[in-house]
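Asks: whatever this is, show me its structure:
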Amino acid sequence: MIRRIAFALLATASIPMILHAPAAHAAVAPASLIQMDHISVQVIGKGSPVILIPGLSSPRAVWDGVAPELAKGHSVYLVQVNGFGGDDPRGNLKPGVLAGIVADLDALIVREKLGKPAVVGHSMGGLVGMMLAARHPDRLGRLMIVDSLPWFGVLMSVPGMEASVETVTPQAERMRDAVAAGYGKPADPAAIERNIAGMTMKPENLPRLREWAAKADPRVTAQALYEDLTTDMRAELGRITVPVTVTFAWNETYPRQPQAVQFYTAQYAGVARLNLVPTGPAQHFVMLDQPAAFQAALTAFLAG
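Replies: Model prediction:
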């Protein structure tokens, strides 16, 4: 993929051209699990509600570093997309995965009487959070976006030509079909290594990323990836009325902090109440590379 912006989070982390074997599904769900058509939600702790949404192919375990501390003062709603983490895909084997996740979150907030919870989303989860905030503006109290963009397709622009949904769609279709074709086939270890190499700066995080990639149903990954690339929220950012914090990665090679700040400032120009929090040095999984800094940013976000 030709990219104008080399620090693209999606180019390495969220466009995994990986062939997976079908994952075994958990036989027994935790007692605290809320099962819905597109997501499941595990609830821990007690207090004001916080909803944590992971990214493409990631399980709820991506939040293990912050969830226990949050649970000391909050009811933490840990989302997992059906088909990731070894879960049954349920309603995610057809188009409308992202819209279905948003609908489930909206229903969850109403059903559980959460009032206006804080919502935190990483990568694809950040895009879902934007969709929820723009299309159901009365449902949440504040939104934190972690290393995500209003439209991932912008990373596919080339010099002299801005990408559009129309120009990106054919390539997104090819990516979707290539990933989905891996269902039922043995995993390609070399492909997995190539695709997780740019996700984290810490080698000790790699075993977890390998496991998460192997457990994600490629059919769900494929459709969610396609929708990631063809969902442009930039025109809807003005409909988001809640405070928005965007924390994003920078490092000493690329992106350096000034370029990253400039890029994210431009991408989120439509948000009225915006707070940018550069976090680094880090790669796409900010919460794994800089756990203390991410915890501090999350605490400040929740404190308003």
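Asks: counting neighbours, what do you get for M131?
Replies: Residues contacting M131 under the criterion other Cβ atoms under 10 Å number 23. All C-beta spots, glycine's among them, are computed from the backbone N, C-alpha and C.
Asks: run through who's touching stretch 258-270.
Replies: 5, 7, 149-151, 154, 234-235, 237-238, 244, 246, 248-250, 255, 274, 276, 278 (Cβ atoms under 8 Å, 6 or more residues apart in numbering).
Asks: let's see 10 Å
Replies: With contact meaning Cβ atoms under 10 Å, 6 or more residues apart in numbering, stretch 258-270 is reached by 5-7, 130, 134, 145, 147-151, 154-155, 233-240, 244, 246-251, 254-255, 274-280.
Asks: just checking, which of those belong to helices?
Replies: Among the contacts of stretch 258-270, DSSP state H puts 130, 134 in helices.
Asks: so what sits opposite the closest residue to V246 other than its chain neighbours in the bridge?
Replies: Spatial nearest neighbour of V246, excluding adjacent residues (Cβ to Cβ, 6 or more residues apart in numbering): I145 at 4.6 Å. Taking DSSP bridges, one obtains G121, V246 as the residues bridged to I145.
Asks: isn't I145 right up against G125?
Replies: Yes - counting by Cβ atoms under 10 Å, I145 does reach G125; the two are 8.6 Å apart.
Asks: what residues are shared contacts of these two?
Replies: With Cβ under 10 Å, 6+ apart as the test, I145 and G125 both reach V119.
Asks: buried residues of stretch 55-64, list them for me.
Replies: Neighbour counts over stretch 55-64 (16 or more other Cβ atoms under 10 Å) mark 55-60, 62-63 as buried.
Asks: ok, stretch 35-53 next?
Replies: By 16+ other Cβ under 10 Å, the buried positions in stretch 35-53 come out as 36, 38-43, 45, 49-53.
Asks: residues contacting the residue nearest to V246?
Replies: Contacts for I145 (Cβ under 10 Å, 6+ apart) come out as 119-123, 125-127, 129-130, 133, 244-248, 264, 268, 271, 274, 277.
Asks: relative to Y183, how far out is the closest residue to A133 other than its chain neighbours?
Replies: Setting aside the residues directly before and after it, A133 is nearest to I240 in space (Cβ to Cβ, 6+ apart), at 4.5 Å. Using Cβ to Cβ, to the nearest Å, we find I240 at a distance of 36 Å from Y183.
Asks: please apply the same query to I51.
Replies: Taking Cβ to Cβ as the measure, I51 falls 29 Å from Y183.
Asks: G129 now?
Replies: Taken as Cβ to Cβ, the span from G129 to Y183 is 28 Å.
Asks: who has more neighbours, those two?
Replies: Per other Cβ under 10 Å, whichever of G129 and Y183 has more neighbours is G129, with 26 against 16.
Asks: for the closest residue to the more buried one other than its chain neighbours, what are its contacts?
Replies: The shortest distance from G129 to any non-neighbouring residue, by Cβ to Cβ, 6+ apart, is to G121 (3.6 Å). The neighbourhood of G121, defined by Cβ under 10 Å, 6+ apart, consists of 51-55, 79, 105, 127-133, 143-146, 148.
Asks: coming back round to it: out of the buried residues of stretch 35-53, which are inside strands?
Replies: When DSSP state E defines the strands, the subset of the buried residues of stretch 35-53 inside them is 39-43, 49-53.
Asks: and the helices in the stretch 51-200 of the chain?
Replies: For the stretch 51-200 of the chain, the helices defined by DSSP state H, counting those that start in this stretch occupy 67-70, 97-111, 124-135, 165-180, 189-196.
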